[in-house]
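Asker: Just a sequence and a predicted model for now, questions to come.
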Amino acid sequence: MTRPTLTALFVSLAFASGLAVAEDVTIAYQTGVDPSKVPQANGEYEKATGAKINWRKFESGAEVVAAVASGDVPIGNIGSSPLAAAASRGLPIQTFLITGVIGESEALVVRNGSNINKPADLIGKKVAVPYVSTTHYSLLAALKHWKVDASKVNILNLRPSEIAAAWQRGDIDAAYVWEPALGKVKASGKVLTSSAEVSKWGAPTYDLWIVRKDFAEKNPAFLKQFAKVTGAVFDRYNKDPKAFANDAANVEKIARLTGSKPEEVAALLPGNKYPSLKEQSALLQKPFVKAVADTAAFLKSQGKVDSLQPDYTPFVTNQFVTAAQK
């Protein structure tokens, strides 16, 4: 078990005492490739918020949720599937910012020589995926779409780094994962489907930021500035994606924070869509709440969550992206 950092203990004590502090904040991030890694590397979030931010890298949304639930970190980057699972458990969190509408950045790859040429060939094969992640949800949704019984597929719970190692050893036949592990498995495999296709089949997924409600109540200015920095870099990317991706400094920073190969970053960035703050103001209402509810209902049907919330609205807010536009 990871021992709490002094920062985390300080933040937790601050919560308990009722003090509003954002001078020293621990934030959990993951290795997904997206434009916001550039301002993260540049220290722009610190400049905008006036806070000392301790960035901690995690391998999966489930690990981030555990850290946020424990009070170890107040803000974390996860996917919509772990969000739906956490909200279903009633964790005191809210989604306050979308970092990507997931597309080809997450994919199901089958190993060359595995004799998997069509979905039905997955039966009896070893397919690795991090449990309760967006890729786990997408895998289950794809199997349902293909009318392949998931119980007949040997689905293994592995973290991305473990997937890359298992793939290299030849221990698994397929994997549904994201970067940098995705690039490693694609080198000796072929994509059977991606989350862009699964989304069209009715199971969209998102990358997003969650915040503990107690932190949000005490630090609205911090979250507003955090959203503003993210929105600015998304606007910069969306204005000219090719110029952004061809900027060597941008590529170096994204590769350094994610572990992706620099030569692959330009091709990876278009794998998601990065909605503007204006688009997010609308998205983070009924459309996203419905997506979370639908995801939770599907996870329950698959036995991955025990119960559902009557309403997922309390776990989503557009307050901070709306404020960031003013």
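Answerer: Here it is on my side, so go on.

Asker: Only C-alpha atoms from now on, for both contacts and neighbour counts.
Answerer: Fine.

Asker: Select the longest strand from this structure.
Answerer: Ranked by number of residues, the top strand in the chain under DSSP state E is strand 93-102.

Asker: Looking at that one now, give me its mean pLDDT.
Answerer: Taken as a whole, strand 93-102 has a mean pLDDT of 97.

Asker: now do stretch 109-120
Answerer: For stretch 109-120, the per-residue pLDDT averages 97.

Asker: roughly how far is that stretch from the heart of the chain?
Answerer: 26 Å (Cα atoms, centre = their mean, to the nearest Å).

Asker: And for it, what's in contact with it?
Answerer: Identification of contacts with stretch 109-120 by Cα atoms under 8 Å, 6 or more residues apart in numbering yields 121-122, 143, 146, 148, 173-176, 182, 185-186, 188-193.

Asker: Beyond the longest strand of the chain, next helix or strand please.
Answerer: Using DSSP states H and E, the helix or strand that follows strand 93-102 in sequence is strand 107-111.

Asker: Could you list the low-pLDDT ranges of the chain?
Answerer: Within the chain, the ranges that satisfy pLDDT under 70 run 1-22.

Asker: can you rerun that using 80?
Answerer: Within the chain, the segments meeting pLDDT under 80 span 1-23.

Asker: Tell me where it has strands.
Answerer: With DSSP E, the ranges of strands along the chain come out as 24-29, 52-57, 75-79, 93-102, 107-111, 126-129, 154-157, 174-177, 189-194, 206-212, 272-273.

Asker: Which among those strands is found nearest to Ala41?
Answerer: Between Ala41 and those, the tightest spacing by Cα to Cα is seen for strand 52-57, at 10.1 Å.

Asker: Direction included, what does that closest one pair against?
Answerer: strand 24-29 (parallel) (DSSP bridges).

Asker: Contacts made by the partner strand with the rest, please.
Answerer: Residues from elsewhere that reach strand 24-29 (Cα under 8 Å, 6+ apart): 7-8, 11, 51-58, 64, 72-78.

Asker: re the thing from before, quick one: the longest strand of the chain to strand 189-194, angle?
Answerer: 120 degrees (axes from the mean of the first three to the mean of the last three Cα atoms, to 10 degrees).

Asker: so what does strand 93-102 touch, helix or strand wise?
Answerer: In terms of contacts (3 or more Cα pairs under 8 Å, 6 or more residues apart in numbering; DSSP states H and E), strand 93-102 is packed against strand 206-212, strand 272-273, helix 319-323.

Asker: can you redo those as a markdown table with distance to Glu263?
Answerer: Listed next are the helices and strands packed on strand 93-102 as a markdown table, based on distance: least, Cα to Cα, whole Å:
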| stretch | distance to Glu263 |
| --- | --- |
| strand 206-212 | 23 |
| strand 272-273 | 18 |
| helix 319-323 | 32 |
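
Asker: Please identify the deepest-packed of the ones you listed.
Answerer: strand 206-212 (a mean of 22; mean count of other Cα atoms under 10 Å).

Asker: helices or strands up against it?
Answerer: strand 75-79, helix 80-88, strand 93-102.

Asker: try 10 Å
Answerer: strand 24-29, helix 61-70, strand 75-79, helix 80-88, strand 93-102, strand 272-273, helix 286-301 (3 or more Cα pairs under 10 Å, 6 or more residues apart in numbering; DSSP states H and E).

Asker: what's the closest of those to Ser199?
Answerer: Of all the helices and strands packed on strand 206-212, strand 93-102 sits nearest to Ser199, with 8.4 Å by Cα to Cα.

Asker: Identify each buried residue in the closest one, please.
Answerer: When burial is assessed from 16 or more other Cα atoms under 10 Å, strand 93-102 yields the following buried residues: Ile93, Gln94, Thr95, Phe96, Leu97, Ile98, Thr99, Gly100, Val101, Ile102.

Asker: Equivalent analysis for stretch 182-189, please.
Answerer: Leu182, Gly183, Lys184, Val185, Lys186, Gly189.

Asker: what does it contact?
Answerer: With contact meaning Cα atoms under 10 Å, 6 or more residues apart in numbering, stretch 182-189 is reached by 105-114, 160, 163-168, 173-179, 191, 260-261, 264, 268.

Asker: just the buried members of these?
Answerer: Going by neighbour count (16+ other Cα under 10 Å), those have 105-112, 114, 160, 163-167, 173-179, 191, 260-261, 268 buried.

Asker: before we move on, the earlier item: just the CA atoms of the longest strand of the chain, as PDB, please.
Answerer: C-alpha atoms of strand 93-102 as PDB (Å, rounded to 0.1, in the frame of the first residue of the first chain):
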ATOM      1  CA  ILE A  93     -16.700  13.200  -6.000                       C
ATOM      2  CA  GLN A  94     -17.700  15.300  -9.100                       C
ATOM      3  CA  THR A  95     -16.500  15.400 -12.700                       C
ATOM      4  CA  PHE A  96     -15.600  19.000 -13.400                       C
ATOM      5  CA  LEU A  97     -13.600  18.800 -16.700                       C
ATOM      6  CA  ILE A  98     -13.400  16.600 -19.800                       C
ATOM      7  CA  THR A  99     -10.000  15.900 -21.100                       C
ATOM      8  CA  GLY A 100     -11.000  13.800 -24.100                       C
ATOM      9  CA  VAL A 101     -13.800  12.100 -25.900                       C
ATOM     10  CA  ILE A 102     -12.000   8.800 -26.400                       C
END
